[in-house]
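Visitor: Got a predicted model here, sequence first, then my questions.
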Amino acid sequence: MMMFKKWLVNGLCVIAAISLASCKGGNTNPQTVAGSTNSSAATPQAESVAGGVEKQKPAPGTGNVQGKVLFNSKPVGDIEVKLCEKFNRFLGGCDGKTYTARTDANGEYVITDVEPKVYEGLLARVFDTDSYIFAASGIAGLSSTKYDVASDKTLFIAATNLFKSDLKVLNPKAGAKTGAQNLELKWDSYPEASYYKFSIYPETPTVTSPYVNERVEATSFLIDKPLEKGTYRWQVNAFNRDDRKLAESGDDIKFTIN
């Protein structure tokens, strides 16, 4: 059964199949890599927020997990948040004992009556899509954060910033064949975006990309550095004035320089 979900990791996304998944090979986009949560003891613990105010006291012998979800720097309500005892991006995603909650009108959530132990995943659903964002990520996004829930205490989590995957590219589109000369990248304007960053990734491992996280204030860019013949994958991200990511284009848009 090859049913796919996208795991978005605070700006990092992973295409994960329910029964099998893999990251892209070759020259790998750093925004499309996230490691398995079957990590070593070096996996970092969740970042606690100092001075958090409990919305609800934990029931005796249990713990709470409390945080906030934002989009475009603003709180968003009715977002599903899920705490997973186990998480494996290759096989099944969230597994084991699972707790859920939804954000209120202020974007805040409280996951209550949690059995004290270490949990491997904390996910926020991206509105009504099948995509989720990890509430926190490990070093360079290569490992997931662990969540150590203690008895009779509330674990406060730093705010999670959602982003969407609906930024539309106009040129070159997936499957396009084009020459390198006068190649102009184009994409749709995104609501409330202040600037964009695009990256081009060669499918050939020995080829180096001259464009990684190139910042652009406009919605187009005329390629002015040479691209060798071959197949490339490109992606563009939109950011607001607070440098929060709003949206990204699909991560499988490939074109060929002939």
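Guide: Done, it's in.
Visitor: So which residues lie in contact with stretch 150-162, not counting its own?
Guide: 10, 46-49, 52, 54, 57-58, 60-71, 73, 76, 79, 110, 116, 122, 124, 126-127, 133, 135-136, 147-149, 244-245 (C-beta atoms under 8 Å, 6 or more residues apart in numbering). Glycine gets a C-beta too; all of them are placed from N, C-alpha and C.
Visitor: hmm, which of those residues are the buried ones?
Guide: The neighbour count (16 or more other C-beta atoms under 10 Å) marks 10, 46, 58, 62-71, 76, 79, 110, 122, 124, 126, 133, 135-136, 147, 149, 244-245 as buried among these.
Visitor: Now do the buried residues in the helix or strand hosting Phe198.
Guide: If you go by DSSP states H and E, Phe198 is part of strand 195-202. By neighbour count with 16+ other C-beta under 10 Å, strand 195-202 contains the buried residues 196-202.
Visitor: so which of these comes closest to Arg89?
Guide: Closest to Arg89 out of the buried residues of strand 195-202 is Tyr201 (20.0 Å), distances taken as C-beta to C-beta.
Visitor: so what's the closest one bridging to?
Guide: Applying DSSP bridges to Tyr201 gives these bridge partners: Arg233.
Visitor: residues making contact with the strand holding Phe198?
Guide: Strand 195-202 is contacted from outside by 26-29, 31, 185, 187, 190, 208-217, 219, 221, 227-228, 230-239, using C-beta under 8 Å, 6+ apart.
Visitor: same check, this time on stretch 243-253
Guide: By C-beta under 8 Å, 6+ apart, stretch 243-253 touches 11, 13, 15, 24, 29, 31-32, 70-73, 161, 163-169, 172-174, 187, 190-193, 233-240.
Visitor: Go again with 7 Å.
Guide: With C-beta atoms under 7 Å, 6 or more residues apart in numbering as the test, stretch 243-253 has contacts from 11, 13, 29, 32, 72-73, 161, 163-169, 174, 187, 190, 192-193, 233-240.
Visitor: Partner strands of the following helix or strand past the strand holding Phe198 and their direction?
Guide: From strand 195-202 onward toward the C-terminus, using DSSP H and E, the following helix or strand is strand 214-216. Strands that pair with strand 214-216, judged by DSSP bridges, come out as strand 195-202 (antiparallel).
Visitor: In the chain, where is pLDDT below threshold?
Guide: The chain contains residues with pLDDT under 70 at 1-51, 136-144.
Visitor: Mark out where each domain of it begins and ends.
Guide: For the chain, automatic domain parsing gives the domain ranges 4-162, 169-257.
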